[in-house]
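Student: sequence first, then the predicted structure:
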Amino acid sequence: MLILRGSPALSQFRLQKLLEDLTAAVLPPGSMPVRALSAEFVHLVELTGELTPAERGVLEKLLTYGPRRAAVPPDGGITGLVQVVAPRPGTISPWSSKATDIAHICGLAGVKRIERVIVYTIDLGGAALGPSPLALRPGQRAKLAARLHDRMTQVVFDDLAACAALFRHETPRPLTSVP
């Protein structure tokens with residue numbers, strides 16, 4: 001799985017609104033609020049083999065769109081809890097279908113599938129929640145995930161490595177009859 005950074009996923013206005021929403025909905029009154037939030041598109045590419053440098057250049061140009069990104073780490077320079085919002089495993093998003101078709105039209109036969117996810121990095125003020133931002137209680141993590149994704153079409157992973165599940169291919173199982 002090839003991982004390529006994309007553009008910012010949300011405008012500053014939308015980031016600020018989400019920041020306020022997360023602070024109000026996820027953290028109990030009196031605790032330290034969410035201090036900062038970043039959201040960035042990341043492209044995951046399933047390949048059938050290695051790309052040549054020219055093919056990699058074409059792929060990177062295809063996946064460069066939207067507002068320019070700053071030369072900062074993928075987490076926006078924020079340290080904290082990472083939440084990756086991705087399409088549900090076993091599904092192929094409409095964005096993926098179109099992006100993969102475009103890559104094939106551009107001669108990138110080695111690209112099997114391209115998928116786009118959003119990486120949110122949330123500074124939760126770890127001092128108020130324990131030694132680590134991951135110290136959120138399960139109820140708080142569920143509320144946080146509910147604010148970040150659409151549970152009908154998306155899933156939340158804790159890191160990009162878990163997104164390999166998007167490209168898992170299982171062999172079909174035989175149908176079983178009901179007695």
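Tutor: Thanks, I have the structure now. Numbers count the residues shown, from 1 in each chain.

Student: bridging residues for Glu40?
Tutor: Applying DSSP bridges to Glu40 gives these bridge partners: Pro8, Val119.

Student: next one: Gln83
Tutor: Assigned bridge partners for Gln83, using DSSP bridges, are Tyr120.

Student: return the distance of stretch 4-16 from the chain's centre.
Tutor: The gap between where stretch 4-16 is centred and where its chain is centred comes out at 12 Å by C-alpha atoms, centre = their mean, to the nearest Å.

Student: next, the buried residues of it.
Tutor: Residues of stretch 4-16 classed as buried: Leu4, Gly6, Pro8, Ala9, Leu10, Leu15 (neighbour count, 16 or more other C-beta atoms under 10 Å). In this view, the C-beta of every residue, glycine as well, is placed from N, C-alpha and C.

Student: nearest to Val84, of the residues you listed?
Tutor: Set against Val84, the nearest of the buried residues of stretch 4-16 by C-beta to C-beta is Ala9 (11.3 Å).

Student: just the pLDDT at the closest one, thanks.
Tutor: The predicted local confidence for Ala9 comes out at a pLDDT of 93.

Student: quick one: the strands in this protein?
Tutor: Remark: strands assigned in the chain by DSSP state E are 2-8, 36-47, 81-87, 111-123, 154-157.
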